[in-house]
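Colleague: Here is my input; please provide its structure:
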Amino acid sequence: MIKIETFVVNPIQENCYVISDETKECVIIDCGALSESEQKAIITYIKEEKLRPVHNLGTHGHLDHHFGDAVIEKVFKLKPEVEKGDAVLMQSPKEAARHMFGMELPEDLPAGNLSLTAEGDINFGSHVFQVIPTPGHSQGSVSFYCAKENIVFTGDTLFKGSIGRTDFPGGNRFQIISSLRRLAQLPDATVVYPGHGPQTTIGYELAHNPYMDR
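Modeller: Now for the predicted structure:
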């Protein structure tokens with residue numbers, strides 16, 4: 001049995017997920033926790049549930065999904081794992097903070113482990129996440145699909161009724177449409193956990209999202 005805990009964090013209301021199962025191993029997806037209270041809430045939950053984090057995964061390299069990486073590395077000794085297409089975003093977080101958010105980061109963030117590929121499944125506990133390349137919002141955007149539980153974490157590629165922006169550096173409208181068609185091949189009942197906003201399903205998006213088709 002899988003358990004998904006959602007933390008809505010930072011001024012952009014980003015969704016950070018902690019996913020665990022009966023083994024007590026867990027993965028963290030998109031730890032964008034910026035404030036001390038947000039970071040503390042995630043760490044407290046993990047410790048109170050007696051979970052053992054084994055991966056800190058990033059659906060892409062945009063900073064609002066990585067504000068909490070430094071504290072995750074400090075407490076749990078995990079570097080963020082992202083796809084190599086977003087290497088430049090992960091290697092220059094202070095520059096990204098100034099450019100995208102007009103802010104100064106109080107501390108450096110870990111550059112990350114550029115290891116995510118379509119061939120490299122993510123294993124934790126009794127579950128496996130398939131890494132699905134979904135570029136378009138950024139060059140290195142990926143989604144994490146668990147067939148056993150019929151769930152997918154889409155980052156900023158697919159939202160309920162909408163899609164991610166493609167006007168940031170590295171964004172590409174043609175690529176994101178191709179990525180959405182790839183996601184559309186998942187079963188209709190697949191529950192979508194996006195990087196922002198409420199969850200949805202592939203079937204709902206095919207019926208209501210103008211960007212989705214098979």
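
Colleague: my guess is Tyr45 meets Ile4, correct?
Modeller: No. Between Tyr45 and Ile4 there is no contact under C-beta atoms under 8 Å: 11.8 Å. (C-beta placed from N, C-alpha, C; glycine too.)

Colleague: any residues in contact with both of the two?
Modeller: Val18 (C-beta atoms under 8 Å, 6 or more residues apart in numbering).

Colleague: my guess is Asp69 meets Pro110, correct?
Modeller: Yes. Asp69 lies in contact with Pro110 (C-beta under 8 Å); the separation is 5.4 Å.

Colleague: the more surrounded of those two?
Modeller: Legend: neighbour count by other C-beta atoms under 10 Å for Asp69 and Pro110, higher for Asp69 (27 against 17).

Colleague: roughly how far apart are Ala96 and Val9?
Modeller: Using C-beta to C-beta, to the nearest Å, Ala96 is found at 17 Å from Val9.

Colleague: between these two, which one's more packed in?
Modeller: Neighbour comparison, Ala96 and Val9: the larger count goes to Val9, with 25 against 21 (by other C-beta under 10 Å).

Colleague: returning to what we had before: so what sits against both of Asp69 and Pro110?
Modeller: The contact sets of Asp69 and Pro110 overlap at Lys79, Pro80 (C-beta under 8 Å, 6+ apart).

Colleague: Which positions in stretch 97-111 come out as buried?
Modeller: Across stretch 97-111, burial judged by 16 or more other C-beta atoms under 10 Å covers Ala97, Phe101, Leu105, Leu109, Pro110.

Colleague: Pick out the most distant pair among the residues you listed.
Modeller: Comparing all pairs in the buried residues of stretch 97-111 by C-beta to C-beta, the longest separation belongs to Phe101 and Pro110, at 18.5 Å.

Colleague: Which stretches in the protein count as strands?
Modeller: 3-9, 14-20, 25-29, 52-57, 80-83, 113-116, 122-124, 127-133, 142-146, 151-155, 158-159, 162-163, 191-194, 200-201 (DSSP state E).

Colleague: Contacts only, for the most centrally placed residue in the chain.
Modeller: Most central in the chain under C-alpha atoms, centre = their mean is Thr59, positioned 3.5 Å from the mean C-alpha point. By C-beta under 8 Å, 6+ apart, the residues touching Thr59 are 29-30, 65, 141-144, 153-157, 195.

Colleague: how far away is it from Asp121?
Modeller: Note on Thr59: its distance to Asp121, by C-beta to C-beta, is 16 Å.

Colleague: cool, and Lys84?
Modeller: Look at Lys84 and Asp121: by C-beta to C-beta, they are 17 Å apart.

Colleague: So the two - more neighbours on which side?
Modeller: Counting neighbours by other C-beta under 10 Å for Lys84 and for Asp121 shows that Lys84 has the greater number, 16 against 12.

Colleague: give me every residue that touches the more buried one.
Modeller: Applying C-beta under 8 Å, 6+ apart to Lys84 gives the contacts Leu114, Leu116, Gly140.
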